[in-house]
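Enquirer: Quick one: sequence plus predicted model below, questions after.
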Amino acid sequence: MKTLAIVIGNNNYHEGAVLNNAVNDATAISETFKRLGFNVNFFTDITASNIPDILHYLETNIKNYDSTIFYFAGHGFELDGENYLTSITCQIPPANKFSAGMDSIKVSEILSIYSNYPNKVNLMIIDACRRTFQRGGGLGSSSIQSPRGTLIAFSTSPNDGASDGGYKGHSYYTGVLLDYLGRERLSVEELFKKVRKSVYSLTNGSQTTWEHTSLISDYYFNTGQLVFSLEIPYNESVVMDQKFSEDSDFGKIIDKFKSYNFTTQNNGLEEVLKISPETLDKNQKFVLGRNILQAANGGAWECINFIKDLKTNVVAYQEKNGDNHLLNGILFEVYFDSNGNYRKDKKNRLLQEIFKVRKKEELKNSFDFIKNLLIEQQDNKIYLPDTKDVIYDIDIVASNKITKTEWSTETRQMISKISLNNIDITEAISRYNLYGGNEEALIEYLSDYLCIPKELIKINCLIKLEKIYFDRKTQVT
């Protein structure tokens, strides 16, 4: 969905009304929106003279987008039934509604523009006062009726206050909002409900966020274009490595890895191993790790050998603080694709080789890095790599069945259920070509599906699994 975003943050009000975090909050929101692929127009410390241009821009361009977002952080108030978002030139308190109107954006003006486009998704996010003249206040806020297709989100309830700071260097509201914006497939209604719960909890019930919605269509900030964690310590160009392009000798080497030609990829590895790791920055090491695994997974033999001897090869890339950006890239490539999205089908061809280094204490930071990203995916069927081993119990319900074949009679073990932590994974495993296999073969497939080291899988079954088949009702056609 093509989205236009207008983001405003105002700090520099007159003496006694100066804010500390509004610009910082708006900056973080702007950067996040850009990473989400939105067309962002970012303004700070706007004056009365900027307001007509901003409103004209919105009115002129809204027709070219599927959705719009208007975010404001600063002072706001209500006067005579109108809600105002103030520029830094606004007198606080205003002399009257006429002076307020000259120096502020009227919420009704934005809603008037939105009302002409009821079939679009239009959002207003206002981190501003609603009771006193601090950023956690206003003169009070009048009731708002949003036109169809609009959601208005306030940082606090009508006639209530909100904090200018308090959470991760931001206001409680924007800080929490930033925590949730990257959540893939989290609807806008679900997102703001989560924000409300978190803000209420963090402020011990003193601040309750508020929304008014007349949305008809569903809307998701992140539909997969942004990796879930917004705190990942690498540039977007290597997290979404399809975008990576570097006009340098190193960039030309990465191009070789992306060639899908085994000989060229092997030549790229030979060249990169001649480069001193100290000359590469963390983003280069990260994207290098990703591309080595990508080439190895595709069959480039020298890259496969590099992964098979990973314990030796990653040592040269170890940082003094314990970070290993090359290993981080390899691990990231296993679970995340070239758009930075969590993979449905993991790159697990060489996973057992990679997991051999998981017990090395000096590499703990890398396994903590990927473990934290996997925790955020909330996939409770996936193994969380760690330097400390945990046995994964796989519970299997099966029965012996005597079956006549063309040549003989044999006993088969008919599996009716496979579960991990009470999660039924029977259907997924039945898709593998396991028929007639034994317990060892089943462990291979479980390891592949769950991305678990084979030695950590323990099969719990009342009968010995020697010739496995699935009940017809569990088979997938």
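Expert: Nice, I can see it.
Enquirer: Would you mark the buried spots in stretch 420-438?
Expert: For stretch 420-438, a neighbour-count test (16 or more other Cβ atoms under 10 Å) marks 420, 425, 426, 429, 430, 434, 437 as buried. From N, CA and C alone the C-beta is placed, and that goes for glycine too.
Enquirer: Turn the residues you listed into TSV, including distance to residue 222 and pLDDT.
Expert: TSV is the format used below for the buried residues of stretch 420-438 (distance: Cβ to Cβ, whole Å; pLDDT from 0 to 100):
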residue	distance to residue 222	pLDDT
420	28	92
425	27	93
426	31	94
429	30	92
430	32	92
434	36	87
437	40	93
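Enquirer: ok, of these, which one's closest to residue 400?
Expert: Nearest to residue 400 out of the buried residues of stretch 420-438 is residue 437 (Cβ to Cβ; 15.8 Å).
Enquirer: what residue ranges in the stretch 151-300 of the chain are flagged as low confidence?
Expert: 157-165, 184, 224-231 (pLDDT under 70).
Enquirer: Could I get the full set of strands for the stretch 151-300 of the chain?
Expert: Assigned by DSSP state E, counting those that start in this stretch, the stretch 151-300 of the chain shows strands spanning 166-167, 170-171, 210-213.
Enquirer: and the second one, which strands flank it?
Expert: Strand 170-171 sits in its sheet next to strand 166-167 (antiparallel), going by DSSP bridges.
Enquirer: what does the partner strand contact?
Expert: 172, 175, 176, 202, 203 (Cβ atoms under 8 Å, 6 or more residues apart in numbering).
Enquirer: Now do the helices in the stretch 251-400 of the chain.
Expert: Remark: helices assigned in the stretch 251-400 of the chain by DSSP state H, counting those that start in this stretch are 262-272, 282-298, 301-308, 310-313, 325-335, 351-355, 364-377.
Enquirer: same question but for the stretch 1-150 of the chain, I mixed them up
Expert: 22-35, 51-61, 97-103, 107-114.
Enquirer: which one of those lies closest to residue 315?
Expert: helix 22-35 (33.2 Å).
Enquirer: Which strands or helices does the closest one pack on?
Expert: If you count contacts as 3 or more Cβ pairs under 8 Å, 6 or more residues apart in numbering; DSSP states H and E, helix 22-35 packs onto strand 3-9, strand 39-44, strand 67-74, strand 121-128, strand 170-171, helix 172-180.
Enquirer: Listing partners with orientation, what would you give for the second one?
Expert: It stands for strand 39-44. Using DSSP bridges, the strands paired with strand 39-44 in its sheet are strand 3-9 (parallel).
Enquirer: Now render the helices and strands packed on helix 22-35 as TSV, adding mean neighbour count.
Expert: As requested, the helices and strands packed on helix 22-35 are exported to TSV (neighbours: other Cβ atoms under 10 Å):
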stretch	mean neighbour count
strand 3-9	24
strand 39-44	18
strand 67-74	26
strand 121-128	26
strand 170-171	28
helix 172-180	24
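Enquirer: so can I have JSON lines of these showing distance to residue 214?
Expert: Formatted as JSON lines, these follow (distance: least, Cβ to Cβ, whole Å):
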{"stretch": "strand 3-9", "distance to residue 214": "19"}
{"stretch": "strand 39-44", "distance to residue 214": "24"}
{"stretch": "strand 67-74", "distance to residue 214": "14"}
{"stretch": "strand 121-128", "distance to residue 214": "10"}
{"stretch": "strand 170-171", "distance to residue 214": "26"}
{"stretch": "helix 172-180", "distance to residue 214": "21"}
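Enquirer: mind listing what residue 148 touches?
Expert: Residue 148 is in contact with 115, 118, 214, 216, counting by Cβ under 8 Å, 6+ apart.
Enquirer: Grab the nearest non-local neighbour of the last one.
Expert: Pointing back at residue 216 there. Leaving aside its chain neighbours, residue 216 sits nearest to residue 149 (5.8 Å; criterion: Cβ to Cβ, 6 or more residues apart in numbering).
Enquirer: neighbours around the closest residue to residue 257 other than its chain neighbours, how many?
Expert: Leaving aside its chain neighbours, residue 257 sits nearest to residue 291 (3.7 Å; criterion: Cβ to Cβ, 6+ apart). By other Cβ atoms under 10 Å, 27 other residues sit near residue 291.
Enquirer: Also residue 452?
Expert: With other Cβ under 10 Å as criterion, residue 452 counts 26.
Enquirer: For it, which non-adjacent residue is spatially closest?
Expert: Residue 452's closest residue in space is residue 383 (Cβ to Cβ, 6+ apart), at 4.1 Å.
Enquirer: right, and the one you found touches residue 451 too?
Expert: Yes. Judged on Cβ atoms under 8 Å, residue 383 makes contact with residue 451 at a distance of 5.2 Å.
Enquirer: got any residues that touch both of those two?
Expert: What both residue 383 and residue 451 touch, as defined by Cβ under 8 Å, 6+ apart, is an empty set.
Enquirer: Tell me the bridge partners for residue 8.
Expert: residue 43, residue 72.
Enquirer: Does it touch residue 72 like I think?
Expert: Yes. If you go by Cβ under 8 Å, residue 8 and residue 72 touch, sitting 4.9 Å apart.
Enquirer: Quick check: neighbours shared by those two?
Expert: residue 85.
Enquirer: can you put the contacts of residue 148 in a markdown table and add distance to residue 103 and neighbour count?
Expert: Putting these into a markdown table (distance: Cβ to Cβ, whole Å; neighbours: other Cβ atoms under 10 Å) gives the following:
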| residue | distance to residue 103 | neighbour count |
| --- | --- | --- |
| 115 | 24 | 15 |
| 118 | 30 | 13 |
| 214 | 29 | 15 |
| 216 | 34 | 12 |
